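> for reference, the sequence and a predicted model appear below.
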Amino acid sequence: MRRILWGSAIVAFPVLLLSAGVVGWRFYHELENEVVARFSGHHWDVPSKIYAEPLILYPGVDASEVGLLDQLTRLDYRPVGGTVQARGEYHYDQKKGELQLFLHDFPLPRLQGKVEKVSFTLKGGRVERLLDLDEGTELSSVELEPEVITSVYDRAWEERRVIKLYDVPSSLIKALLAAEDHRFFEHEGIDFWRIIGAVRANLLAWRPVQGGSTLTQQLVKNFFLTQEKVVSRKLVEVCMATIVEHHYSKLEILENYLNEIYLGQHGAKGIFGMWEAARIYFGKEPRDLTLGEIAVLAGMVKAPNTYSPLRHPDRVVLRRDYVLQRMRELGDITEEEYRAALKEKIVPRVLPPDDNGAPYFVDFIRKDLGEHLPDGALTTAGLRIFTSLDMRLQRIAQEVVRAGLAELEAKYPRLRREKPEEQLQACLIALQPQTGAVRAMVGGRDYLTSQFNRVTQAHRQPGSVFKPVVFLTALTKEREQREGRFLPTSRIEDAPFTWSFKGKDWSPGNYKNEYLGMVSLRRALEMSLNAATVRVAQEVGLEPIRETAQVLGFVSPLPLYPSLILGAAEVTPFEVAVAFSTLANQGLRGTPLTVKRVTKQDGEVLERRGVEVEQAITPEDAYMVTHLLEGVLERGTARGSRQKGFTRPAAGKTGTTDDYGDAWFAGYTPDLVAVVWVGFDQRQSLGLSGAQAALPIWTNFMKRATAGRPIAEFAPPPGITLVPIDLQTGFRATAQCPVVIEEAFYEGEEPTQPCPRHAADIRPIEAVPDRHDNVDGQTERIDPRSPPLSPGKTVHPPEEKRPWWRVF
Amino acid sequence: MCGKSVVRLCLCVVTLSLWLQEERLYAQGGSAHAPHKSLHEEDLTTRETVIPGEEFNDEATEEEEEESEGPAPVLPKDFSRDQDRRLSPSSAEFPHPLSEAAQPPEAAQSPEPPLVSSAMPTLPAANTLSPQDQVALHFVEAGVEALTREDFEQAKEQFERALEIAPLQPYSYYFLGRLAFVRGEHKKALPFLQRAELLLIRGDQAWRGEAAGLRGAVYEDLGDYTRARASYRLCLQLTPDNLRAMSALARLSSEEPYSDATLPR
């Protein structure tokens, strides 16, 4: 029996051994294929970054207005006591009025010449002089690197920038090896001596105090495996480490390690790789790190959050000193270097807030680019997306929207809602009309509560904001014929009436059912008189009005019903902004510009978008409407804006829908258009007009957004004549006329007859000093107050003979 | 096993001998395979064969040949598409298209005509402008430099930047229009030039005239001779000694009868 057993064992042992060998070989071979395939094809998912418009500084710019010091903090510059020595440092000497700046190394495509160190001389808060500190030459302007709005992540929020080994200082590699694996260049992936040492140390301490993993093992674990502490995973890790060492050079492994390693958290984002860690913890690039800082980073690998300089600076000192000591023992640094590094102070940095400053805008861009770029490119390819957003205006927009809504709720408690999703909402969009550049976009009250972008996605009735389209059509229709056309002084009856359209009667009513009787076209628009507007539209026709709207930039369907005239067709605030920017830009319609350039990390341009403009309407037509809309702020429904201190030349229109569900204000200066909408998503009634709800937000925004900019006026183009007229009668003003305004006419259509009502001195005046400079040099307006028209009181038209240019 | 080894050894010997022979030939300057060129060398070779602006010169030659078949215009077509894309310093330098001097010289010998004319009015002195306008003007100047060296993307970038900084300054509009014209995007050029003219109404009349003249050239290229004439006339009204506009008007009057009734408002 025993012989049989021995015989079987002798036969079975080689068979089993062979089988185990075959299985082992097969396992190893499969593992090898997997490792090689994944390691060779491995690339990191580097999030793309979305940048705002860079800030340009030049002599004359108001440093406090643009928030220069805040901007430097947001751009990760750190203040130093003396002269700037390294990239990312600035020194501000308030007494001398001098600011020195060592610019970050950012590949700005537009930078004229490479400037590193700049000195700003400040006087009275303004930049007086710019100097290149290296060359000693004067500079015309300095462009700071653009502010990052946000990074675009996939599921994992990994912040990383890939670095090449030759960009890493050798001392960082030495420090890392000293701290983690000093026999890295000697072993084959497994360091048996280290394992034995670790087991001994752990047994002596009777708890895990030392690990035996090499850099290769750590890399393999991060690349392929979980953090689970089981024997089977450890065995696989050992096998994989051996395979990696067999197939790849030590330098390749090291480069991968430097980019892969996890080094702590910044908010919700994980910090991966040495480049990102150097930026987050020290605000520097790896090449600019000091020896002490290098030792800190190398020491962090063991336990990134325990040894984080942001959280535990005291623990960090001990760990840094240990790393420096190891480096000295290994001969990597001299005694002097060691002592100097020990003296370095570790000051926890105050990181700029890590929030997305324009979440709705970012969503808009992601959607836009998602249609052009390959799937996943945004979240993995590390692209740089340069946009038109002005972060200063964006912050102002967010603040005024938030404050405006809070003010409305405080003033009208009935607007308050318990549930966050039912709260009062508002949105704001600002465009630069000349370029179409979107400067600010706030799509709602709070992005965390609601990601619905009301600027681009909410289709709401524009109400009276649509009226300029009607009046533009009325002024320009059949330009060739003088008769039958409207002029700003044309008289229209503002009284209840009924329009029979396709067998149905429609009776538009005025705001608060107040009618003014015979009014001028100007007055009808300034006071937003529905009945008068509909009478104009009835003469003009619906089809031309719709055509004009489409030419201006409305793209939503505009059904041909009479209610279209009063803004019943639903449009987005974005469309309204485009249409008004066409008016502001003298008839040139700019294609909205958000993304200006998309580049790869190496600077290769993938996509570039420029300014695209098209002549939609003539400059004369645009000016005529603008001139009327200026009156809305001077004498009309938006005069509250002037009372709140916004004095710049501006034009605009209030909008309120029938059920008070939507409150609008759309307005512009010659170089900035802004549209504000206020309402409930559930379309409940606000009970407030555009002038009450939206205008205050618009005014606050424009006051702050245009502060410090030169005051620009709307200049009449050739073909337009400005004539002083009597506001009440529309005749050419005489010296006796009490209220005189400058009215715009197409050349040859201006009135020549002097005002008969104030005919004591019949000589017509040639010009009206509408605006003049006061002693302080600030623009001041003579108040051309409205004629005494009390609401609800019908004013009879003057008895005098009507002028030839309009018989109505 | 042994046989395979022998075969491998033989192959190695043959390969080695072939390689040695090739090396020897190469050393004598008569190699069968040319050595790899460096990138720099390749660039130089390319530059020898492709002459910058050759395509343009060919195009100009063809057009002039076509013109020579028809009636010879009295004055040169100075604002015409091809010539104005690379504006000459002044119209006086343009000889008669049929004269000897007008024959296109060899592309390799002739210097590239400039894209930005030296006959243009000078840009205003920076110290007369607001800070925004001053810095915008620097970007305009940088754009003009880029335009001169035919770096159109960079030029566009600079002009657009100038426009963003000072949106009511006319020069960025003018040069954006000029750039579009140079690139053959005539319809894009028009709104920019019109806007430049509007902004120059109360400004430098020489520049307004320049913009009007260029707009005339755009219209002429588009075949809208009526508008072209009107623009040239405006140009002459603003800058009476503008020879280019004079010559263009003279040329246009011989091409199509003039009609005031069709003039734009």
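It's in.
> count of neighbours near the closest residue to chain B within the stretch 651-800 of chain A?
Per C-beta to the nearest C-beta, A:D671 is where the stretch 651-800 of chain A lies closest to chain B, at 4.6 Å. Glycine gets a C-beta too; all of them are placed from N, C-alpha and C. Residue crowding around A:D671 was assessed by other C-beta atoms under 10 Å in any protein chain shown; the count is 20.
> excluding sequence neighbours, find me the nearest residue to it.
B:P167 (4.6 Å; C-beta to C-beta, 6 or more residues apart in numbering or on different chains).
> report pLDDT for that neighbour.
You'll see B:P167 listed with a pLDDT of 93.
> with A:T137 instead?
90.
> for it, give me its contacts.
A:L131 (C-beta atoms under 8 Å, 6 or more residues apart in numbering or on different chains).
> what's the spacing between it and B:A146?
21 Å (C-beta to C-beta, to the nearest Å).
> thought the residue of the stretch 651-800 of chain A closest to chain B was touching A:Q432?
Yes - using C-beta atoms under 8 Å, A:D671 is in contact with A:Q432, at 6.5 Å.
> any residues in contact with both of the two?
With C-beta under 8 Å, 6+ apart, A:D671 and A:Q432 have common neighbours B:P167.
> OK, contacts around the residue of the stretch 651-800 of chain A closest to chain B?
A:D671 touches A:432-434, A:584, A:709, A:712, B:167-168, counting by C-beta under 8 Å, 6+ apart.
> quick one, which of the residues you listed are buried?
Among the contacts of A:D671, the ones that count as buried by 16 or more other C-beta atoms under 10 Å in any protein chain shown are A:432-434, A:584, A:709, A:712, B:167-168.
> flag every residue of the stretch 301-450 of chain A that's near chain B.
A:432-435, A:437 (C-beta under 8 Å from any C-beta of the partner chain).
> now chain A against chain B: closest residue?
A:G60 (2.5 Å).
> for that residue, grab phi and psi.
When quoted as degrees, to the nearest 10, the phi and psi of A:G60 stand at phi 110, psi -20.
> A:G270: neighbour count?
Neighbours of A:G270 using other C-beta under 10 Å come to 17.
> helices or strands up against the helix or strand containing it?
Assessed by DSSP states H and E, A:G270 sits inside strand A:269-272. Applying 3 or more C-beta pairs under 8 Å, 6 or more residues apart in numbering or on different chains; DSSP states H and E, one finds that strand A:269-272 makes contact with strand A:158-160, strand A:262-266.
> now for the last one, which elements pack on it?
Translated: strand A:262-266. strand A:269-272, helix A:274-282, helix A:291-300.
> and the two most separated of the residues of the stretch 301-450 of chain A next to chain B?
A:P433 and A:A437 (9.2 Å; C-beta to C-beta).
> residues contacting the residue lying closest to A:L55 once chain neighbours are set aside?
Excluding its sequence neighbours, the residue lying closest to A:L55 (C-beta to C-beta, 6+ apart) is A:L144, at 4.8 Å. By C-beta under 8 Å, 6+ apart, the residues touching A:L144 are A:54-57, A:71-72, A:75, A:103.
> who in the stretch 101-250 of chain B is up against chain A?
So far as C-beta under 8 Å from any C-beta goes, the stretch 101-250 of chain B lies against chain A at B:126, B:130-132, B:134-135, B:138, B:142, B:153, B:156-158, B:160-161, B:163-165, B:167-168, B:176, B:188, B:190-192, B:194-195, B:198-199, B:201-202.
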